[in-house]
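Student: Next come a sequence and a model predicted from it.
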Amino acid sequence: MVDVLSDLKMPTERHERFLRRVAAYCRKKRIGLGLRGSTACGAAGRFSDLDLALSAGAGADDLRFIAEGIETPVMGFFTVNPKGILTVSYPRGFCVEIGIRKTFALEEGPRLRLLLSDGFTTGPTALLVDVASLYRPEFIIPGDGPRLLYKAALKFLCGKCDAAAALLRELSLGRIAAKAAFAAEWKTMCDAVLGESSIPPEAVKEFDWMYRYIRGNWL
């Protein structure tokens with residue numbers, strides 16, 4: 001059997017272990033599997049997410065296995081634009097994004113790796129399935145505030161300070177400085193957003209862990 005991950009550079013053993021289990025499951029179920037973003041082109045770091053694309057044959061049970069059957073989630077979010085991609089957060093800053101695609105865009109280039117081609121086609125534009133219409137797990141956090149806070153922290157931990165600041169600016173009209181002020185600004189917004197939202201205790205612990213990690217390394 002060909003090892004479809006043999007020439008991929010994974011940033012951590014956790015990334016590789018998770019992806020191998022997804023690939024084995026998708027091969028058994030004859031579901032196409034693509035890898036996108038920094039992990040696809042070998043530029044990922046410890047806090048980079050696994051951005052997975054499944055072919056359109058994937059259903060609710062397949063999403064449930066990938067999201068909940070490999071590691072236990074802390075929280076999850078659905079994206080707005082593009083609609084319905086599922087972001088799943090696991091303890092200590094590990095994040096997986098799951099999308100279902102009818103077609104891949106031809107111009108996606110090196111930031112896309114097709115690992116298993118079953119059911120995939122290419123076209124001039126990407127056509128996505130709204131994952132939220134198929135699968136809505138209990139760990140989903142409603143509202144956009146926690147999602148923006150979480151993604152901002154991950155961007156910052158990946159060294160993408162400008163992108164992290166831009167996400168925080170979606171929550172505030174004030175100007176957010178980059179590395180020097182990020183931790184304090186993030187914590188202030190985090191306290192405000194989580195104080196107004198009904199957030200499960202395990203998710204609050206994850207936000208607290210991220211803050212301690214950021215503060216311990218950059219303050």
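Tutor: Looks like it arrived, so ask away. What you see is a predicted model; the values in this text were computed from it and never measured. Numbers count the residues shown, from 1 in each chain.
Student: only C-alpha atoms for contact and neighbour calcs from this point on.
Tutor: OK.
Student: tell me what the helix or strand of the chain with the lowest mean pLDDT is packed against?
Tutor: When the helices and strands of the chain are scored by mean pLDDT, DSSP states H and E, strand 121-123 comes last with a mean of 80. If you count contacts as 3 or more CA pairs under 8 Å, 6 or more residues apart in numbering; DSSP states H and E, strand 121-123 packs onto strand 94-105.
Student: strands paired with the strand it packs on, and their directions?
Tutor: For strand 94-105, the paired strands and their directions (DSSP bridges) read strand 50-55 (parallel), strand 86-90 (antiparallel), strand 121-123 (parallel), strand 127-129 (antiparallel).
Student: what separates that strand from the chain centre, distance-wise?
Tutor: Here strand 94-105 is found 9 Å from its chain centre; the criterion is CA atoms, centre = their mean, to the nearest Å.
Student: Quick one: mean pLDDT for the helix or strand following it?
Tutor: Per DSSP states H and E, the first helix or strand lying C-terminal to strand 94-105 is strand 112-116. Averaged across strand 112-116, pLDDT comes to 87.
Student: Let me see the confidence value for residue 180.
Tutor: Looking at residue 180, the pLDDT reads 65.
Student: Tell me how the chain divides into domains.
Tutor: 13-133, 145-218 (automatic domain parsing).
Student: Columns mean neighbour count on top of those domains, output as JSON lines?
Tutor: JSON lines is the format used below for the domains of the chain (neighbours: other CA atoms under 10 Å):
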{"stretch": "domain 13-133", "mean neighbour count": "18"}
{"stretch": "domain 145-218", "mean neighbour count": "17"}
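Student: got those domains as TSV, with distance to residue 3 columns?
Tutor: Shown next, in TSV, are the domains of the chain (distance: least, CA to CA, whole Å):
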stretch	distance to residue 3
domain 13-133	9
domain 145-218	28
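Student: rank those by pLDDT, which is bottom?
Tutor: Minimum mean pLDDT among the domains of the chain: domain 145-218, a mean of 86.
Student: does residue 19 sit in a helix, a strand or a coil?
Tutor: Secondary structure assignment for residue 19 (DSSP: H, G, I helix; E, B strand; the rest coil): helix.
Student: which residues does it contact?
Tutor: Residue 19 is in contact with residue 50, counting by CA atoms under 8 Å, 6 or more residues apart in numbering.
Student: Would you mind measuring from it to residue 123?
Tutor: Using CA to CA, to the nearest Å, residue 19 is found at 26 Å from residue 123.
Student: tell me which element the closest residue to residue 145 other than its chain neighbours falls in.
Tutor: Of all residues not flanking residue 145 in the chain, residue 193 sits nearest, at 6.2 Å (CA to CA, 6 or more residues apart in numbering). Taking DSSP H and E as the criterion, residue 193 maps to helix 179-196.
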